[in-house]
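J.: pasted the sequence and its predicted model underneath.
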Amino acid sequence: MDDHGEARAVGAVGADRRHPGRRGLGLASASALGSVAAAGVGVAAHYARRMTDPPSLAPEDPPRDDEQVTIHAVDDGHAFLSGDGADRPGVWGVTMPGGYVRIGAARERTPTGVRRPVRVLAGDLVPGHGVLDAYAHPNRATSLHVDATEVAVIGDLGAMPAHHVAGDDTWAIGVHGRAAARHETFRALGPIVAAGHSALAISYRNDQDAPLSPDGRSHLGGTEWVDLAAAMDHARRHGARRIILAGCSMGGAIVGQALAHADVHDVVAVLLDAPVVDWHPVVARAARSLGIPGIAVSALLVPTRAMARSRHRVDLDALRFDAAALAVPTLLVHGVADDVVPVEGSDELATRRDDVVTYLRVPDAGHVRSWNADPATYEAAVASLLQRASRTTDGAEVGAAGTALAASHAPIEPLFGGRPT
């Protein structure tokens with residue numbers, strides 16, 4: 001499932017439809033509000049339930065037109081593509097019937113199609129139809145590292161599968177987003193593994209291949225952090241002396257809850273990619289993307305939040321990311337064009353904790369697509385985070401090291417950042 005799965009699970013995905021001003025509400029608006037109130041209980045109950053549905057129930061949308069490509073021919077490490085997605089900027093995976101390839105950022109328009117660098121990551125490259133994939137890795141552990149294995153993390157609900165790469169005694173733990181898959185985190189973990197560190201890409205309760213929660217509901221990080229804590233304990237039992245937490249989207253919310261509630265004495269760095277730092281604007285944006293008018297969204301969110309809290313034990317206020325919990329070097333990454341998790345939440349977090357946060361704010365990048373937009377800048381930022389973490393563990397102060405980075409969006413050479421080894 002793509003990076004938009006999280007928003008589909010909450011409500012829907014779509015462009016941000018800004019509501020008109022609310023001043024001067026007339027009788028028609030008042031009548032509309034009355035109608036909303038009359039139907040509010042049932043609608044609020046529906047959205048409270050949908051918001052907490054386990055990710056396995058999230059419907060998978062068919063590929064959008066701008067994700068469709070056709071590969072017509074391959075010549076000297078380059079492919080000729082057509083279709084709405086053929087000219088999309090950035091580095092992307094392409095899922096094809098016979099295999100999985102990655103196309104590079106360089107694009108040359110020719111009479112026979114868009115010529116782009118291509119690399120086969122799984123199976124064979126046979127000309128035909130394909131679908132762009134933001135993960136840019138096939139769904140297997142060895143796409144992160146050739147020696148990666150499958151392990152089981154034992155938590156309070158049972159065994160949860162994880163991809164594991166053996167390295168030194170610094171372990172990075174990748175936490176994927178809602179309705180996403182473990183290999184969503186490979187773009188973030190790739191440069192950490194390349195530096196010789198160990199990695200663990202985990203699953204958590206209600207994933208397709210993990211145990212269900214006792215009530216069968218997602219808690220948007222409120223209970224899932226316990227599974228991350230179990231993964232940290234697993235790492236410690238297997239030799240970890242230092243831990244790096246890396247969370248994408250809702251995975252960032254899970255990391256935030258773990259920082260606030262778990263034993264994190266050996267966490268030396270944090271990486272947050274398009275994190276959910278506040279669920280309120282995420283839920284509101286999902287509702288607006290369904291075409292619900294702004295005035296109705298405002299009227300429905302209050303009872304929806306109340307029902308989520310009373311019926312499903314999900315308190316959105318309690319799930320806000322506690323900025324004070326960040327006590328180690330942190331890399332915060334967010335695409336400005338994110339239509340699922342508004343970038344403003346990361347803007348505020350970066351401002352509040354500029355003593356520890358380095359902020360990579362990527363123009364034109366969508367949800368968890370900052371690596372795709374500029375792998376070189378993304379991976380350089382991760383390498384800098386590792387250096388800062390090393391200095392901190394060597395006894396240096398975290399200090400006022402926060403920085404704002406700008407993605408270059410220049411043509412990227414080499415074109416395959418995050419290359420599996």
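T.: Arrived safely, thanks for sending.
J.: contact partners of the helix or strand harbouring residue 252?
T.: Using DSSP states H and E, residue 252 sits in helix 250-261. For helix 250-261, the surrounding residues in contact (CB atoms under 8 Å, 6 or more residues apart in numbering) are 6, 174-178, 180, 184-185, 204, 220-222, 224-225, 228-229, 232, 245-247, 264, 267, 270, 272-277, 279, 319, 321-322, 325-327. Bear in mind the C-beta positions are built from the backbone N, C-alpha and C, glycine included.
J.: filter these down to the ones in strands?
T.: 174-175, 245-247, 267, 270, 272-273 (DSSP state E).
J.: between which two of the residues you listed is the distance greatest?
T.: 267 and 273 (16.8 Å; CB to CB).
J.: of the two, who's got more company?
T.: Per other CB atoms under 10 Å, whichever of residue 267 and residue 273 has more neighbours is residue 273, with 30 against 20.
J.: bridged to the more buried one, which residues?
T.: For residue 273, the residues forming beta bridges with it (DSSP bridges) are residue 248, residue 333.
J.: which residues touch it?
T.: Neighbouring residues of residue 273 by CB under 8 Å, 6+ apart: 187-188, 246-249, 252, 333-334, 368, 370-371.
J.: wait, isn't residue 300 in contact with residue 292?
T.: Yes. With contact defined as CB atoms under 8 Å, residue 300 reaches residue 292; the gap is 7.3 Å.
J.: assign the residue nearest to residue 314 when sequence neighbours are not counted to helix, strand or coil.
T.: Once flanking residues are discounted, residue 314 sits nearest to residue 308: 4.4 Å by CB to CB, 6 or more residues apart in numbering. Three-state call for residue 308 (DSSP: H, G, I helix; E, B strand; the rest coil): helix.
J.: which element follows the longest strand along the chain toward the C-terminus?
T.: Longest strand in the chain by number of residues (criterion: DSSP E): strand 113-123. Proceeding N to C from strand 113-123, the next assigned helix or strand is strand 128-133, under DSSP H and E.
J.: export the helix or strand following that next one as CSV, just CAs?
T.: Where DSSP H and E defines the elements, the next helix or strand beyond strand 128-133 is strand 149-155. The C-alpha trace of strand 149-155 is given here as CSV (Å, rounded to 0.1, in the frame of the first residue of the first chain):
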residue,chain,number,x,y,z
THR,A,149,16.9,-11.6,7.7
GLU,A,150,13.4,-12.0,9.2
VAL,A,151,13.2,-12.0,13.0
ALA,A,152,10.4,-12.0,15.5
VAL,A,153,10.0,-9.3,18.1
ILE,A,154,8.2,-10.7,21.2
GLY,A,155,5.7,-8.2,22.7
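J.: need the pLDDT of residue 295.
T.: pLDDT recorded at residue 295 is 75.
J.: ugh, typo on my part, it should be residue 35
T.: 50.
J.: ok, residue 231 next?
T.: For residue 231, the model assigns a pLDDT of 98.
J.: in this protein, which ranges drop under the pLDDT threshold?
T.: For the chain, the stretches with pLDDT under 70 are 1-44, 47, 58, 393-421.
J.: care to break it down by domain?
T.: Here the domain parsing of the chain from automatic domain parsing is 65-133, 141-406.
J.: may I see those organised as JSON lines, with distance to residue 54 added?
T.: Shown next, in JSON lines, are these (distance: least, CB to CB, whole Å):
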{"stretch": "domain 65-133", "distance to residue 54": "23"}
{"stretch": "domain 141-406", "distance to residue 54": "4"}
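J.: and these: which comes nearest residue 53?
T.: Across these, residue 53 has its closest neighbour in domain 141-406 (6.6 Å, CB to CB).
J.: and the strand or helix carrying residue 100, C-alpha only, in PDB?
T.: Here residue 100, judged by DSSP H and E, is contained in strand 99-103. Extracted C-alpha coordinates of strand 99-103, given in PDB (Å, rounded to 0.1, in the frame of the first residue of the first chain):
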ATOM      1  CA  GLY A  99       9.800  -7.600 -11.400                       C
ATOM      2  CA  TYR A 100      10.600  -4.300  -9.700                       C
ATOM      3  CA  VAL A 101      12.800  -1.500 -11.000                       C
ATOM      4  CA  ARG A 102      13.900   1.900  -9.900                       C
ATOM      5  CA  ILE A 103      14.000   4.900 -12.200                       C
END
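J.: list the buried residues of that strand.
T.: Residues of strand 99-103 classed as buried by neighbour count (16 or more other CB atoms under 10 Å): 99-103.
J.: make a markdown table from the residues you listed and add distance to residue 62 to it.
T.: As requested, the buried residues of strand 99-103 are exported to a markdown table (distance: CB to CB, whole Å):
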| residue | distance to residue 62 |
| --- | --- |
| 99 | 21 |
| 100 | 19 |
| 101 | 21 |
| 102 | 22 |
| 103 | 21 |
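J.: nearest to residue 93 among these?
T.: residue 102 (5.3 Å).
J.: which residues does the closest one contact?
T.: Applying CB under 8 Å, 6+ apart to residue 102 gives the contacts 91-94, 118-119, 121, 136, 416.
J.: can you tell me how far it sits from residue 88?
T.: 13 Å (CB to CB, to the nearest Å).
J.: cool, residue 359 as well?
T.: For residue 359 relative to residue 88 (CB to CB), the value is 25 Å.
J.: and these two? which has more neighbours close in?
T.: A direct count of neighbours by other CB under 10 Å for residue 359 and residue 88 places residue 359 higher, at 22 against 19.
J.: tell me the secondary structure for that one?
T.: strand.
J.: that one contacts residue 336, correct?
T.: No. Residue 359 is not in contact with residue 336 according to CB under 8 Å; the separation is 11.8 Å.
J.: can you give me the helices in the stretch 301-421 of the chain?
T.: For the stretch 301-421 of the chain, the helices defined by DSSP state H, counting those that start in this stretch occupy 344-352, 370-373, 375-393.
J.: out of those helices, which is closest to residue 210?
T.: helix 370-373 (24.9 Å).
J.: mind listing what's buried along the closest one?
T.: Buried-residue list, helix 370-373, by 16+ other CB under 10 Å: 370-373.
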